[in-house]
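Visitor: 3D, please:
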Amino acid sequence: MNRRIDFVWLCVAVTGAVNFATNFARADEPTFVAPSIQVPPGFTVEVAAAPPLVRHPLMANFDERGRLFIAESAGENLRREELEARLPNFIRMLEDTDGDGRFDRSTIFADQMTLPQGALWHDGALYVAAPPCIWRLEDTDDDGVADRREKLVDQFGYTGNAASVHGCFLGPEGRIYWCDGRHGHEFRNERGEIVSQGKAARIFSCRPDGSDIQVHCGGGMDNPVEIDFLSTGEMLGTVNLFYRKRGDCLVNWARGGVYPRYDQPQCIAEFPSTGDLLGPVHDYGHVAVSGMMRYRGEAWGDGFRDNLFVTHFNTHQVARTRLAREGSTFRVASTETFLQADSIDFHPTDVLQDADGSLLVIDTGGWFRIGCPTSQIAKPNILGAIYRIRRAAAAPVSDPRGQQLAWSNASAPELAARLGDVRPAVRERAIQTLAKRGAPAVSVLAAIVRDSSLPTSTRVDARWPLTRMQNDEANRVLRSALMSSEPAMRQVAAFGLGANGDSPAVEKLVHLLIDAAPQVRRAAATSLGQIGDGIAVDGLLAALAEPSDPVLEHSLIYALIEIGDAAATRAGLTNENPRVRRGALLALDAMQPNPLRPEDVAELLRTGEPTLRTAALQVIAKHVDWSTAAGEAITRLLDSPKTSDADRALLIELLVAFREADEVRRLVAERLASAATTEATAGALLEAMARMDLATAPDAWQAPLERRLLASADETTARAIEAANNLGAESFAEPLTRIANDRSRSDELRLAALTAVAFGRPISDAQFAWLAGQLTAAETPSQRWTAARTIAAARLSPQQLQRAFELLAEAGPMEMSALVDVAAQVQDEATGKQFIASAAKAAERVSVPPGAINDLLKRFPSLASRLPERLSSGATSGDVAEQAARLEQLEAELDDGDALRGRAVFFGQRAACFACHRVGEEGGRIGPDLGAIAERRTRRDLLESIVFPSASLARGFESFTVATDDGRVHVGLLLNETADSVTVRGADQRETRVRRASIEQMLPSPVSIMPQGLDRTLDARQLSDLLAYLMSLKAN
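Guide: You can find the predicted model right below:
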């Protein structure tokens, strides 16, 4: 159906800092009120499209006619199953029919889509990433509605939280690119056979017809969003959750590059390793980067050319970022806020350049909530809009898209002349048109490439149609440009020849490996890898001998991997230069089939060069069948008189990797038992044992581990408790109980020992009484929580259970979150009534988590009729209206507060915010770092997070519930995942490694680890002060 809206504009443009409203006549439309928006002096802001033309736009792209295609949301937060059942979202097409810069016609180009996030118009069709597919949409009869839909690529995993596929984007060589979040992919051929799969985030590309799918790069990051290309072909893009703690970054994505997060080793392992993970160009902080673009042309002046504009969803702004070359990659020379809105509901998701040089900024409005770290409650009634930013001094551009020019019948010289046009849209269309002309246009383009009197930008642009032609004559011209005196010309020529797999260029490309410009050396290395000719191996190895930056070194090693000539690469293992030996080692280890032998690597362990030795140890750790070599490496590390932090980490990694090897088990037993073993070495051994995926401890470890448990040094004992807990605390019940009962030990050690041994087991009345005392006497909130958890986990006697109910009635918010689980020990209705009475008393002061109550009601349904109102409301799903009313009530009661007093509340025992959150160098690491929280959250946001912490969980800090086959339930942050185990960090800061083989169920928890009810624990003065302190926390 062709749904079209023609609209007459009633509003006016405004400049500088603006505040304007548009009230439309339709009664069923929410009122659209644009926020106050600040831009630099000399720039203006105007509404380019607003409701009803658009409601919740996301990302957009122009076609050559100036029509704007917008991926748009219906404003609903839906999970995958609902999205696929309802298909509520769509692609909208906007037109500016009178050329005044304001769109006045809207058509639904393609409806019934999941969640489209991006659009690319290319060669008569729209390419869209809408999970689980990449689509090609075509309007064959030019009525403004796509009547042909083709799935180019599928399937991609997604949940509905927008961290999925984004795009598409046109590469300068003519390939279609898109970004994929860390939800996995699985591609099958026409026979249904899996040809590619993985969980990691990636950037993919394919030909416009969907063939030749390639992975450009990938890693453990959550959500790469958008990319753009420099005129020299380098790719830059935005990505969220690049690190933990959270970092939202700008990255120069390198071919074959592998990127963090460091807590996602399974994802990292999906890629060939070239050494350390590659880093970002710039970390913007916790801002939720979204769409980005490179500014083209000089409509705003030369100072804006090649600037990057990046949208920040969380902080309601668009940043302007200037790059500077640094080695083979870039650094940020400066970044500044270019656009800032004062509304918490202004969420920019994309920024793009119109043909006249103005920028369009897309605000999606207030609808998005799932996984959003600042939008706690969905506000679909807050509609979005599209704003146009103009530079007041910019000269008007006549026919900015060149629509008045002849294109289909223009001669090749006429088209080639347009490569020097000042209008970027005209240049790009000329590139595409010349590429389609093919061989007849080669000679004209060759003349431009050779004409040194022309601007470099024009000559660079002439190389891109030659690259897209992919024919021998065009490649011959590119090869000649490899000898240009200008680095940009050499770089672009190398890029094109690599993309085309041009074997005749290999000799010249090898010569560029010693080029004076690092970016040219990197381009040459990348191209040699794409071409894959073994003749290049010697040159690549020689290039590794020279000092280089991490990205260039990666490109050299990855080229060796892509070429895959193991025999030629093996010569590098005996090179006198350690950088060459390391590069050859890493390249060989990544080749398939793997050509390395244990003796190849054992020889490298004897080197005195730290980075080479580290690489050798890392390689050994990946080969679990190399137990002899591993034993030698472990012995060498254990015998080293000085062990660096890096060597200690490698020692632990090797011990964990070779935990099944008899030689390694013998070494552990001997060194753990030896009195000559230093405390530091024993600590490393115990830490490794705490991470090993073993059902039980080997017999030879039993006695030495018991002795270490009873050691006098608290640090050694603490590590021994962790090891015993991992290897089966029941096997070490006697020494653990001795520690728990030993009053000379610290409370922290006693608590750790009792927690390890008490699960599902009876505890003495004395132990129960001591735990009860810890609920108030413990030094830290995490110890109080652990004591509560231990009481709930132990098998209590009837008398102890009664006492637990009494403790429950008086518990604070943090202890309540663990102690409430004693409900699982209720065995009859009468005892259930007693539990409910205690929980009801507690609910007068704190919020009682509903999960345990719901489980109790399932077992004893008759108790539901006796449930007090204050418990029954918590035992059902939360009511958004009730939450909003409670927030309004609190806001009316609170005042501005005092930040200094608020700091005392934050770090005090009553609120205990510091137990989970970090500010500066103080506090825990369970929840988000709050060091600059005021820059991305409003006061109301923070109040909402305090009062209703489960309303929305910050991305990267979602809690999980992990249930194991022995009846244990671990709740906390998933800190690390490997093929063998997951590591959960609970509210007590303890990290528990859970064997995957023992996991019965692992589900994301809808309930935050942060206890609910602080608004009842704190009085109005304390809550006001706490908010004042949080609002004072800014980056500087």
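Visitor: show me where the stretch 851-1000 of the chain has strands.
Guide: Secondary structure of the stretch 851-1000 of the chain by DSSP state E, counting those that start in this stretch: the strands cover 918-919, 922-923, 959-964, 969-977, 981-985, 991-995, 999-1004.
Visitor: any idea of the mean pLDDT for the last one?
Guide: This points to strand 999-1004. Mean pLDDT, computed over strand 999-1004, is 74.
Visitor: could you point out which element follows it?
Guide: Per DSSP states H and E, the first helix or strand lying C-terminal to strand 999-1004 is helix 1014-1017.
Visitor: what residues does that next one touch?
Guide: Applying CB atoms under 8 Å, 6 or more residues apart in numbering, the set of residues contacting helix 1014-1017 from outside is Gly812, Pro813, Arg845, Val846, Ser847, Arg886, Leu890, Arg910, Ala911, Ile946, Val947, Leu1023. To be clear about C-beta, it is placed using only N, CA and C from the backbone, and glycine gets the same treatment.
Visitor: before we move on, the earlier item: which one of the strands of the stretch 851-1000 of the chain lies nearest to Ala462?
Guide: Nearest to Ala462, of all the strands of the stretch 851-1000 of the chain, is strand 969-977, at 48.4 Å by CB to CB.
Visitor: Tell me the buried residues within the contacts of helix 1014-1017.
Guide: Gly812, Pro813, Arg845, Val846, Ser847, Arg886, Leu890, Ala911, Ile946, Val947, Leu1023 (16 or more other CB atoms under 10 Å).
Visitor: Make sure the fifth one is actually in contact with Gln1012.
Guide: Yes: counting by CB atoms under 8 Å, Gln1012 is a contact partner of Ser847 at 3.9 Å.
Visitor: who touches both of those two?
Guide: Common neighbours of Ser847 and Gln1012 (CB under 8 Å, 6+ apart) are Pro813.
Visitor: Please narrow the buried ones among the contacts of helix 1014-1017 to those residing in helices.
Guide: With DSSP state H as the criterion, helices contain Pro813, Arg886, Leu890, Ile946, Val947, Leu1023 from among the buried ones among the contacts of helix 1014-1017.
Visitor: got a pLDDT number for the third one?
Guide: As summarised for this prediction, Leu890 has a pLDDT of 83.
Visitor: Return the residues in contact with it.
Guide: Leu890 touches Leu943, Val947, Asp1015, Leu1023, counting by CB under 8 Å, 6+ apart.
Visitor: What count of nearby residues applies to Asp533?
Guide: Asp533 has 19 neighbours, counted by other CB atoms under 10 Å.
Visitor: What about the nearest residue to it once chain neighbours are set aside, how many residues nearby?
Guide: Excluding its sequence neighbours, the residue lying closest to Asp533 (CB to CB, 6 or more residues apart in numbering) is Val506, at 4.8 Å. For Val506, the neighbour count with other CB under 10 Å is 20.
Visitor: how would you label Val506: helix, strand or coil?
Guide: helix (DSSP: H, G, I helix; E, B strand; the rest coil).
Visitor: Could I get the strands of the stretch 851-1000 of the chain in TSV, plus columns for mean neighbour count?
Guide: Output for these, formatted as TSV (neighbours: other CB atoms under 10 Å):
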stretch	mean neighbour count
strand 918-919	18
strand 922-923	15
strand 959-964	18
strand 969-977	19
strand 981-985	20
strand 991-995	18
strand 999-1004	12
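Visitor: Mind putting those into a markdown table with distance to Leu672?
Guide: As requested, the strands of the stretch 851-1000 of the chain are exported to a markdown table (distance: least, CB to CB, whole Å):
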| stretch | distance to Leu672 |
| --- | --- |
| strand 918-919 | 34 |
| strand 922-923 | 34 |
| strand 959-964 | 27 |
| strand 969-977 | 25 |
| strand 981-985 | 22 |
| strand 991-995 | 19 |
| strand 999-1004 | 29 |
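Visitor: Quick one, which of those strands gets closest to Arg191.
Guide: strand 969-977 (32.0 Å).
Visitor: Tell me the strands beside that closest one, with direction?
Guide: Strands that pair with strand 969-977, judged by DSSP bridges, come out as strand 959-964 (antiparallel), strand 981-985 (antiparallel).
Visitor: what's the angle from the first one to strand 991-995?
Guide: Using axes from the mean of the first three to the mean of the last three CA atoms, to 10 degrees, the direction of strand 959-964 lies 50 degrees away from that of strand 991-995.
Visitor: what about stretch 207-223, how long is it end to end?
Guide: 23 Å (CA to CA, to the nearest Å).
Visitor: And that stretch, what's buried?
Guide: Those would be Pro208, Gly210, Ile213, Val215, His216, Cys217, Gly218, Gly219, Gly220, Met221, Asp222, Asn223, for stretch 207-223 by 16+ other CB under 10 Å.
Visitor: How about stretch 890-899?
Guide: Quick answer for stretch 890-899 (16+ other CB under 10 Å): Leu890, Leu894, Gly897, Ala899.
Visitor: cool, and stretch 194-203?
Guide: Buried, per 16+ other CB under 10 Å, within stretch 194-203: Gly198, Lys199, Ala200, Ala201, Arg202, Ile203.
Visitor: can you check stretch 772-779 too?
Guide: Ala772, Gln774, Leu775, Ala778.
Visitor: Okay, and which of those residues map to strands?
Guide: Per DSSP state E, strands hold no members of the buried residues of stretch 772-779.
Visitor: just those residues: which has the poorest pLDDT?
Guide: Within the buried residues of stretch 772-779, pLDDT is lowest for Ala778, at 77.
Visitor: Touching, it and Asp747? I think so.
Guide: Yes: if you go by CB under 8 Å, Ala778 and Asp747 touch, sitting 6.5 Å apart.
Visitor: Asp342 - how many residues pack around it?
Guide: Neighbours of Asp342 using other CB under 10 Å come to 12.
Visitor: for stretch 416-431, the distance to its chain's centre please.
Guide: Stretch 416-431 sits 37 Å away from the centroid of its parent chain (CA atoms, centre = their mean, to the nearest Å).
Visitor: Which parts of this protein belong to which domain?
Guide: Using automatic domain parsing, the domains assigned to the chain come out as 4-391, 412-590, 759-876, 887-1031.
Visitor: Of those domains, which is nearest Ile721?
Guide: Closest among these, using CB to CB: domain 887-1031, at 10.5 Å.
Visitor: which residues does the residue nearest to Asn976 when sequence neighbours are not counted bridge with?
Guide: In space, and not counting its chain neighbours, Asn976 is closest to Thr983: 4.1 Å by CB to CB, 6+ apart. Per DSSP bridges, the residues bridged to Thr983 are Asn976, Arg993.
Visitor: Need the distance between the two termini of stretch 53-65.
Guide: By CA to CA, one end of stretch 53-65 lies 19 Å from the other end.
Visitor: Once you drop chain neighbours, what's closest to Ala425?
Guide: Nearest non-adjacent residue to Ala425 (CB to CB, 6+ apart): Ala355, at 4.0 Å.
Visitor: number of nearby residues for the one you found?
Guide: Counted with other CB under 10 Å, residues neighbouring Ala355 total 22.
Visitor: so it, which of the three states?
Guide: Ala355 falls in the coil class when you classify it by three-state DSSP.
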